[in-house]
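J.: need a structure here:
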Amino acid sequence: MEVFSHLAIGLGNVFGPWTFALMLLGTFVGVVAGALPGISFVNAMVLALPFTYVMAPAQAMVFLTGIYVGGIFGGSISSILINIPGVPSSMPSAWDGYPMTRKGLAAKALGIAVTCSAVGGTFSGLLMTFGSQPFARFALRFGSPEFFAATVLGLVSIVAIAQGRMLASIISLFAGLVVGAVGLDPMYGQPRLTFGSELLESGIDFVVVLVGMFAISEVLWWVAEGGKKAEVVSGTHTRMPTLGEIYRLKGTMARSSVIGSVIGAIPGAGAVVGAVIAYGVERQVSARREEFGTGVEEGLAAPETANNATTGTATIPLLTLGIPGSAATAIMLASLTVHGIQPGPALFLSSTELVYTIFAGYLVANVLMIFAGLIVARGFATLMQIPEPVLFGFISVLCLVGAFGVRNNVSDVFICLGFGMLGYAFRRMDIPVAPLILGVILGPLAERYFLTSMMSHGNQLSVFLTRPLSASILALAAAFLLWSLWPELRGWLAQRTAGNLARRRPASRADRGT
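T.: You can find the predicted model right below:
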């Protein structure tokens, strides 16, 4: 009961006039920044950080919380409407969200997205409120071998997503791993695949790759098709799902909330891994698995729920251990440090009111996100009514500005255009783009965690199997891989068995010539 009394005090603080106004502003800023490709809500949090110095600690944290929660959902708006993920974790939302838009179901897709995001975020916020310390003890047991195993699980999930195009997906994933390896070697600092270019020594930023492969390739495809009108009949509003539709998605939201919350509690795993794994799992358990990628509601609901389900639990390691679980929570850590507050177990005793104000802020922000998302989505949906030459021209400029803004380097613009042409070629050859993007994002993480594990444990590969947690995650990845391949393996085994039976069958009298 003590938790409820503390939470009531936190809610009272959040609904204070200035604090509530700051949270509302932050939520709108986050949704808009997340929806603009190349801008990113993390960049918005960085720009907002100096303004938090003059705020009270509780006001600063709820302001940043609003940007964080709103930004995670905001990236889905552009994913669904124009097939351009505003943030990397919104990439899986485009796989079924954009096909829904092309069917004229944009309003329904946006409604499902904002509802599932709110459900996942609220579930995560409640877990954070009532289970911070148990989750912290679990996350504390993670070392570099466990982080490596988690990234392997994320890469393996590609198999579940890519049923029917296994070879093409593996080629795409390998290409992504190669792109992710460009730059200086993390152990010896030697340049790799840079071809003598100083720019490439700092690597190729995944945001530049993301914008090029999705946005610029979409523009090139439209141009190559002779400027044909896309088959899009989009409304200018967002239709919230009915109770019946929500009930049909209850299993999807429950599974994805748990997956996102668990992944979010692992420092460094991130919303991308949570969203991809949730999509892969849903594709396996759904009765409509063969229809995924064509505009299936479950295919949109799963990543959207998992996306926001990572937000609350990603903050648990920050508050209880002083370890930021994501880039967004790292900015929150900076804000707390500036105010002279050191996160850790003692924080729950020394600043109980602040802690529960943050908890309450997450719960309230997920409600505000619905209203902010509806308003911002209405504006973005209006884009669909703009003549396509103007729309694609606007998209091109916005994406190139976003690519330049990543590192303030004009060379990134040309790299973005290059990946746009590669994305167009992939589309022509029917090679999926998603595995490449995931390879670029997760490849460097897997390499860093692998090398760190080797250095810390005497170059013994057995460390990944002798540590219970890493072994369990790798076993889960292996099981997930076998589960995903089972339909193909079953067909191969059945064909092989039939062939053996045919060879063993005794010849008939006619065959023996008698």
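J.: From here on, just use CA atoms for contacts and neighbour counts.
T.: OK.
J.: just for the stretch 401-514 of the chain, where's the confidence low?
T.: 402, 406, 483-494, 496, 498-514 (pLDDT under 70).
J.: secondary structure class for Met187?
T.: Of the three states, Met187 takes coil under DSSP: H, G, I helix; E, B strand; the rest coil.
J.: Can you classify the spatially closest residue to it that is not a sequence neighbour by secondary structure?
T.: Using CA to CA, 6 or more residues apart in numbering and skipping residues adjacent in sequence, the residue nearest Met187 is Leu451, 7.5 Å away. Using three-state DSSP, the structure places Leu451 in helix.
J.: residues near Leu451, how many?
T.: For Leu451, the count of nearby residues is 17 (other CA atoms under 10 Å).
J.: For Leu354, which non-adjacent residue is closest in space?
T.: Ala58 (5.9 Å).
J.: what's the next secondary structure element after the host helix or strand of that neighbour?
T.: Here Ala58 sits within helix 57-82, counting by DSSP states H and E. Note on helix 57-82: by DSSP H and E, the next helix or strand toward the C-terminus is helix 91-102.
J.: name the helices or strands packed onto that following helix?
T.: Helix 91-102 is packed against helix 57-82, helix 106-140, helix 270-285, helix 297-314, with contacts defined by 3 or more CA pairs under 8 Å, 6 or more residues apart in numbering; DSSP states H and E.
J.: Helix 106-140 and that one, what's the angle between them?
T.: 170 degrees (axes from the mean of the first three to the mean of the last three CA atoms, to 10 degrees).
J.: For the stretch 251-400 of the chain, give me the ranges with low pLDDT.
T.: Using pLDDT under 70, the flagged stretches of the stretch 251-400 of the chain are 266-270, 321-327, 344-345, 381-388, 391.
J.: Walking through it, point out its helices one by one.
T.: 270-285, 297-314, 316-321, 327-338, 347-350, 352-382, 388-407 (DSSP state H, counting those that start in this stretch).
J.: Columns mean neighbour count and distance to Ser261 on top of these, output as TSV?
T.: Listed next are the helices of the stretch 251-400 of the chain as TSV, based on neighbours: other CA atoms under 10 Å; distance: least, CA to CA, whole Å:
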stretch	mean neighbour count	distance to Ser261
helix 270-285	26	8
helix 297-314	33	5
helix 316-321	26	10
helix 327-338	20	15
helix 347-350	14	21
helix 352-382	22	14
helix 388-407	18	29
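J.: circling back: tell me the pLDDT at the residue nearest to Leu354?
T.: Per-residue confidence (pLDDT) for Ala58: 89.
J.: what about Gln495, neighbour count?
T.: Neighbour number of Gln495 under other CA under 10 Å is 11.
J.: Number the chain from 585, please
T.: Right, with 585 as the first residue, what we last looked at is Gln1079.
J.: what about it, distance to Leu1065?
T.: 21 Å (CA to CA, to the nearest Å).
J.: do the same with Ser716
T.: For Ser716 relative to Leu1065 (CA to CA), the value is 31 Å.
J.: repeat for Ala619
T.: 33 Å.
J.: now do Arg872
T.: 20 Å.
J.: Which one's more surrounded, these two?
T.: Leu1065 (17 against 14).
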